[in-house]
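In: Kindly generate the corresponding structure for this input.
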Amino acid sequence: MTELPLTITDAGQAIRSGELSSEELTRACYDVADRLDATLGIYVVRYDDTALAAARNADKELASGLDRGPMHGIPLGVKDMIACKEGQTTACSVVFDRISTVVSTPQLSAACVKREPS
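Out: Below you'll find the predicted structure:
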């Protein structure tokens, strides 16, 4: 695929048709983020290894016939004010510097980013 899909729907269709893999889409999103982040300041932190592992897993599941729904295989950036177990929740605020890491590094992800167990 020479161009990235412009919508989640198009990306999902491209992944399911085999035109694009979740891993390829995730890497392409990294390329765009790498190019724009210095100007836009998009990310406080990225979890590239976790995202690539999830993309590879999604590709395997989809290839085996397991489709978890329209967002399966789609990379997603989450604002750092939403708790994710991958790392600290900072909200880009010094307030969290004064709170215990037990609070700012959650053991579980917020329901809006919770993944189904594989």
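
In: The residue most central in space within the chain and Q13: what is the separation?
Out: Closest residue to the average C-alpha location of the chain: L76 at 3.4 Å, with CA atoms, centre = their mean. The spacing between L76 and Q13, counted by CB to CB, to the nearest Å, is 17 Å. In short, each C-beta sits where N, CA and C put it, glycine included.

In: can you check P75 too?
Out: To Q13, P75 is 16 Å away according to CB to CB.

In: Likewise for V32?
Out: Using CB to CB, V32 is found at 20 Å from Q13.

In: So which of these two has more stuff around it?
Out: Per other CB atoms under 10 Å, whichever of V32 and Q13 has more neighbours is Q13, with 14 against 11.

In: is it true that C92 touches V45?
Out: No: using CB atoms under 8 Å, C92 makes no contact with V45, being 10.8 Å away.

In: Mutual contacts of those two, please.
Out: Taking CB atoms under 8 Å, 6 or more residues apart in numbering as the criterion, C92 and V45 both touch D80.
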